[in-house]
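Visitor: coords please:
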Amino acid sequence: MTPDQEITARACLEAAETGSLDFPQIVGTLIAAGFESYTVDFRCARNTYYLPDGDSLDLSGHAPEAPVAAEFDAGAMQAAIREAQTKAPGYTYPGFCEKAAHAGCAGYIVSFIGRRAVYVGRTGETHVEHFPN
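Guide: Numbering: from 1, shown residues only. All right, here's what the predicted structure looks like:
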């Protein structure tokens with residue numbers, strides 16, 4: 001991983017948390033830097049960014065205030081995603097993380113080459129969200 005790629009991943013994580021870039025802008029920036037995917041793990045507050053050659057960068061991420069709920073509520077997860085997609089009034093990424101954890105989402109995988117995000121519950125339940133065209 002080049003120093004520029006590491007700087008880009010760190011800047012995208014900070015931009016998500018501060019709201020200075022939205023999801024499509026972050027995805028575009030990471031793709032342009034050569035990344036193929038990233039994961040977010042709410043249980044250990046880690047974000048990992050992956051390059052196609054297998055190299056990765058592990059960074060400290062947002063830690064939800066409450067533990068991840070035991071049951072995965074796909075409807076609540078979809079509602080949190082829709083708020084992000086529509087940039088609902090008051091939307092923030094940290095707020096999204098709290099709602100995701102409350103919905104039982106332990107983490108998610110964003111695949112640029114697969115054009116989707118996969119949200120995962122503690123017992124393996126999933127919700128797949130395809131990127132809009």
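
Visitor: those strands in the protein, which residues are they?
Guide: 37-41, 46-50, 56-60, 105-111, 116-121, 126-130 (DSSP state E).

Visitor: As TSV, those strands with mean pLDDT, mean neighbour count and distance to Leu30 would be great.
Guide: (C-beta placed from N, C-alpha, C; glycine too.) Formatted as TSV, these follow (pLDDT from 0 to 100; neighbours: other C-beta atoms under 10 Å; distance: least, C-beta to C-beta, whole Å):
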stretch	mean pLDDT	mean neighbour count	distance to Leu30
strand 37-41	98	20	7
strand 46-50	98	20	7
strand 56-60	98	14	11
strand 105-111	98	22	9
strand 116-121	97	19	13
strand 126-130	96	14	17
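
Visitor: and of the ones you listed, who's closest to Ala9?
Guide: strand 46-50 (4.3 Å; C-beta to C-beta).

Visitor: Now do that closest one against strand 105-111: the angle between them, please.
Guide: Relative orientation of strand 46-50 versus strand 105-111 (axes from the mean of the first three to the mean of the last three C-alpha atoms, to 10 degrees): 20 degrees.

Visitor: tilt between strand 46-50 and strand 56-60?
Guide: Using the same axes, to 10 degrees: strand 46-50 against strand 56-60 is 160 degrees.

Visitor: Show me what strand 46-50 pairs with in its sheet, parallel or antiparallel.
Guide: strand 37-41 (antiparallel), strand 56-60 (antiparallel) (DSSP bridges).

Visitor: With the flanking residues excluded, which residue is spatially nearest to Ala84?
Guide: Phe96 (5.5 Å; C-beta to C-beta, 6 or more residues apart in numbering).

Visitor: residue contacts, that neighbour?
Guide: Neighbouring residues of Phe96 by C-beta atoms under 8 Å, 6 or more residues apart in numbering: Ala80, Glu83, Ala84.

Visitor: Just give me the closest of those to Thr126.
Guide: Ala80 (15.0 Å).

Visitor: List the residues that contact the most centrally placed residue in the chain.
Guide: By C-alpha atoms, centre = their mean, the chain has its centre lying nearest to Val40, at 5.2 Å. The contact partners of Val40, by C-beta under 8 Å, 6+ apart, come to Arg46, Asn47, Gly61, His62, Gly107, Tyr108, Val110.
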